[in-house]
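S.K.: Next comes the sequence, and after it the predicted model I'd like to discuss.
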Amino acid sequence: MNNQSIEFIMAGRRQRRRRWILVTSLLAALACLLCCAMLLLGSTIYPVSDVIRALTGEHLKGVSFAVNTIRLPRMLAGLFAGFAFGLAGYTFQTMLRNPLANPNVIGITSGSSAAAVFCIIILHASGAIVSIASVIAGLATVLLIYILSKGKTFSVGRLILIGIGIQAMLDAVISYLLLVSAQQDIPAALRWLTGSLNGSGMQELPPLIITVIVLAPIVIVLGQHLSILELGEQSASSLGVDTNKTRVLLILSSVCMIAMATATTGPIAFVSFLSGPIAKRLAGAGFSGVIPAGLVGVNLVLASDLIGQFAFEYRFPVGIITGLLGAPYLIFLLIRMNRRGEL
């Protein structure tokens, strides 16, 4: 390879790096703007100075309660849950080399949801118990899907089909729990199942925040190997990647984050499904899309929540808005994959 070819390759790499940095910076800036909007906007729009004073501990009548008790927890829940959904969705889609292989479609979210609904309706539990049950159920669902799809050789298509079947079964369990539950418990369970930031409290957020802070760096660091894993088992091993260890750590970290996010906000529809494709389209190839996907997840959740609060006559939970965005893309993706013979 001559010097001209090397320089051409390096120039392309520099261009891709500049694009990745620009896109990531813009996504981060948009996320910051949306966080500010979540704190400023509501039934009453407060000045920036009053919001800052309330956040720094100064007591202002009306402002302190609205900002610190209602808007700040809502914003933090959307921020950390959106980042968790985005990271986990991108990880599964890239690692399994299929855009349908995300926690929403293959049943992982439904496993966490079924456990959480059981705790809420049957055990009348909340907080840490719901979070722990969601994580355990999410891991158990992953293990069950993997065992059933393994066979003689591992097949992504088989895993997706089995995951869809498991999801249908778990959705039936959730429906049964709603049927046998007490009348007064149904509204709370339905609001939670829709995926909502309503009613988020600071006391519920520490498990989610700690989980994301601890596990997100693991996914970001190991996410650099995702593009190598896409090349296949033998190619990745020959390039020095411990494929088994990398997959296990990525799966465990992603499932724990998405289960904890689901326990906190409910299964916000299609965020994990949309974040990866949008991040790849914006950031381009050549560099890890883990961080852009997480930021896309944050922007989707926060923007959808603001739309649900202020764009219509009635206020809608964030899950309804993300569902309206994600459902047409899912149909488009299924049609495109069918034409390519990938289904």
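M.R.: All right, it came through fine. Quantities reported herein were computed from a predicted structural model and do not represent experimental measurements.
S.K.: The residue nearest the centre of the chain: which element?
M.R.: The residue lying closest to the centre of the chain (CA atoms, centre = their mean) is Phe85, at 0.7 Å. Per DSSP states H and E, Phe85 falls inside helix 72-95.
S.K.: Averaged pLDDT, that helix. What do you get?
M.R.: Per-residue pLDDT values over helix 72-95 give a mean of 91.
S.K.: can you check stretch 110-121 too?
M.R.: Here the average pLDDT along stretch 110-121 is 85.
S.K.: quick one: contacts for the residue nearest to the centre of the chain?
M.R.: Going by CB atoms under 8 Å, 6 or more residues apart in numbering, Phe85 touches Pro103, Ile258, Ala261, Ile268, Val271, Ser272, Ser275, Gly297, Val301. In short, each C-beta sits where N, CA and C put it, glycine included.
S.K.: let's see it at 7 Å
M.R.: Ile258, Ala261, Ile268, Val271, Ser272, Ser275, Gly297 (CB atoms under 7 Å, 6 or more residues apart in numbering).
S.K.: do you know how far the nearest residue to the fourth one once chain neighbours are set aside is from Phe92?
M.R.: Excluding its sequence neighbours, the residue lying closest to Val271 (CB to CB, 6 or more residues apart in numbering) is Phe85, at 4.1 Å. Distance from Phe85 to Phe92, counting by CB to CB, to the nearest Å: 11 Å.
S.K.: same deal with Gly319?
M.R.: Applying CB to CB to Gly319 and Phe92 gives a distance of 20 Å.
S.K.: what distance separates the next helix or strand after the helix holding Phe85 from the centre of its chain?
M.R.: Downstream of helix 72-95, the next assigned helix or strand under DSSP H and E is helix 108-121. Here helix 108-121 shows a centroid-to-chain-centroid distance of 16 Å under the convention CA atoms, centre = their mean, to the nearest Å.
S.K.: For helix 108-121, give me every contacting residue.
M.R.: Here helix 108-121 makes contact (CB under 7 Å, 6+ apart) with 103, 125, 129-130, 133-134, 136-138, 140-142, 167, 170-171, 173-174, 177, 181, 185, 188-189, 192-193, 255, 258-259, 262-263, 267.
S.K.: Let's see that with 8 Å instead.
M.R.: 103, 125-126, 129-130, 133-138, 140-142, 145, 163, 166-167, 170-171, 173-174, 177-178, 181-182, 185, 188-189, 192-193, 255, 258-259, 262-263, 266-267, 272.
S.K.: That one vs helix 72-95, what angle?
M.R.: Between helix 108-121 and helix 72-95, the angle comes out at 150 degrees (axes from the mean of the first three to the mean of the last three CA atoms, to 10 degrees).
S.K.: Now do the buried residues in helix 108-121.
M.R.: Within helix 108-121, the residues that count as buried by 16 or more other CB atoms under 10 Å are 108-121.
S.K.: likewise stretch 192-205?
M.R.: Going by neighbour count (16+ other CB under 10 Å), the buried part of stretch 192-205 is Trp192, Leu193, Thr194, Gly195, Ser196, Leu197, Asn198, Ser200, Glu204, Leu205.
S.K.: List the contacts of the last one.
M.R.: Read it as Leu205. Taking CB under 8 Å, 6+ apart as the test, what Leu205 contacts is Pro73, Leu76, Ala77, Phe80, Thr264.
S.K.: give me the low-pLDDT residue ranges for the protein?
M.R.: Filtered on pLDDT under 70, the chain yields the residue ranges 1-6, 8-9, 12, 127, 151-156, 229-241, 337-338, 340-343.
S.K.: let's see it at 90
M.R.: Within the chain, the ranges that satisfy pLDDT under 90 run 1-20, 41-70, 89, 91-168, 171, 174-207, 220-256, 258-290, 309-320, 322-343.
S.K.: Which parts of the protein are strands?
M.R.: In order along the chain, the chain carries no strands (DSSP state E).
S.K.: quick one, the longest helix along the chain and helix 72-95 angle?
M.R.: Assignment by DSSP state H gives helix 3-40 as the longest helix of the chain. Interaxial angle of helix 3-40 relative to helix 72-95 (the same axes, to 10 degrees): 150 degrees.
S.K.: list the buried ones in helix 3-40?
M.R.: Neighbour counts over helix 3-40 (16+ other CB under 10 Å) mark 19-20, 23-24, 27, 30-31, 34-35, 37-40 as buried.
S.K.: of those residues, closest to Val48?
M.R.: The shortest gap between Val48 and any of these belongs to Leu40, at 6.8 Å (CB to CB).
S.K.: So the closest one sits against Val51, correct?
M.R.: Yes - the criterion here is CB atoms under 8 Å, and Leu40 meets it with Val51 at 6.0 Å.
S.K.: ok so, going back, so which elements touch the longest helix of the chain?
M.R.: helix 48-55, helix 72-95, helix 271-283, helix 290-310 (3 or more CB pairs under 8 Å, 6 or more residues apart in numbering; DSSP states H and E).
S.K.: what's near enough to touch Leu222?
M.R.: Here Leu222 is in contact with Thr246, Leu249, Leu250, Ser253 (criterion: CB under 8 Å, 6+ apart).
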